[in-house]
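Q: Sequence and predicted structure, then a few things I'm wondering about:
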Amino acid sequence: MKKETASGKLFVVATPIGNFEDITYRAVRTLQEVDFIICEDTRVSGNLLAHYEIKNKLISFNAKSEGKKIESVINELLSGKSCALISDAGTPTISDPGVRLVNRALKESITVHGIPGANAAILALSISGIPTDSFLFEGFLPQKKGRQKKLKELAEENRTIVLYESPYRIEKLLNEMSDYFPERFVAISRELTKKFEEVIRGYPGELVDKIDELKIKGEFVIVVAPKDWKQ
């Protein structure tokens, strides 16, 4: 296998979304070889690094600190150092911090490499049983301003829709979906790649009661079938 030179490069590295075994050999090697790693939460990423016996410098780089720390990271990269960007779980910059850093690095002509791997949205789509030939990824809906407008737009969307939601708002979202598009079939994935992985399928009104019975933990991925698709 040809060894990549890490000098002066930014590596966007996908990490597991639950099961530590869902990481590539290339990702592990990259995390070992770079000069430093930036992550959302050093405690979460520290557990992953400890599992693979990777001893490297971890720097917190989350939604709150991204704007303040971009300059220092870019300066390190311009000086010839290499850096890996990881998130708490899955592929960085997908509903996670890092987009501004990647954009700035590219503007500075810094080489950016993607190390592919786990992604909750793609995994949920693959096991949903719902058409995947064309889909819209919306991530997390606005919590307040613009939420109702967005739901109205999604009600008219003909493609499969993929949403993320927290355990604290999943019941609210299902109730809203019952109001805006009650006839659209839904697959909800939780605990993906973990021991209690589960996909719950049905129509929004049916799923409210099922969700209420669960011990809710971790984020959910909601796959909404195309407007005219029938189960």
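A: Structure's in. What do you need?
Q: Quick check: the gap between the residue in the chain sticking out farthest from the centre and Leu207.
A: In the chain, the greatest distance from the average C-alpha position (CA atoms, centre = their mean) is reached by Ser79, at 30.0 Å. According to CB to CB, to the nearest Å, Ser79 stands 52 Å off from Leu207. The way it works is simple: take the backbone N, C-alpha and C, and place the C-beta from them, glycine included.
Q: What of Arg43?
A: From Arg43 to Leu207 the distance is 33 Å (CB to CB).
Q: These two - which one has more neighbours?
A: Shown here are Arg43 and Leu207; by other CB atoms under 10 Å, Leu207 has more neighbours (21 against 11).
Q: Okay, and the more buried one sits in which element?
A: Using DSSP states H and E, Leu207 sits in helix 204-213.
Q: For that helix, give me every contacting residue.
A: Applying CB atoms under 8 Å, 6 or more residues apart in numbering, the external contacts of helix 204-213 come out as 170-171, 174-175, 177-178, 181-182, 184, 186, 188, 200, 202.
Q: Out of those, flag the one nearest to Ser134.
A: Set against Ser134, the nearest of those by CB to CB is Arg184 (15.1 Å).
Q: number of nearby residues for the closest residue to Val13 other than its chain neighbours?
A: Ranked by CB to CB, 6 or more residues apart in numbering and with sequence neighbours excluded, the top spatial neighbour of Val13 is Ile115, at 4.3 Å. For Ile115, the neighbour count with other CB under 10 Å is 23.
Q: again, but for the one 5 residues further on
A: The tally of other residues near Ala120 (other CB under 10 Å) stands at 22.
Q: Could you list the domains of this structure?
A: 9-115, 120-224 (automatic domain parsing).
Q: which one of those domains lies closest to Gln231?
A: Nearest to Gln231, of these and by CB to CB, is domain 120-224 at 4.8 Å.
Q: which helices and strands sit right next to the helix or strand where Glu171 lies?
A: Take DSSP H and E as the rule and Glu171 turns out to sit in helix 170-180. Contacts defined by 3 or more CB pairs under 8 Å, 6 or more residues apart in numbering; DSSP states H and E place helix 170-180 against helix 147-155, helix 204-213, strand 220-224.
Q: Now mean pLDDT and distance to Thr15 too, for those, in JSON lines please.
A: Formatted as JSON lines, the helices and strands packed on helix 170-180 follow (pLDDT from 0 to 100; distance: least, CB to CB, whole Å):
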{"stretch": "helix 147-155", "mean pLDDT": "96", "distance to Thr15": "29"}
{"stretch": "helix 204-213", "mean pLDDT": "86", "distance to Thr15": "27"}
{"stretch": "strand 220-224", "mean pLDDT": "97", "distance to Thr15": "17"}
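Q: Done for today, thanks.
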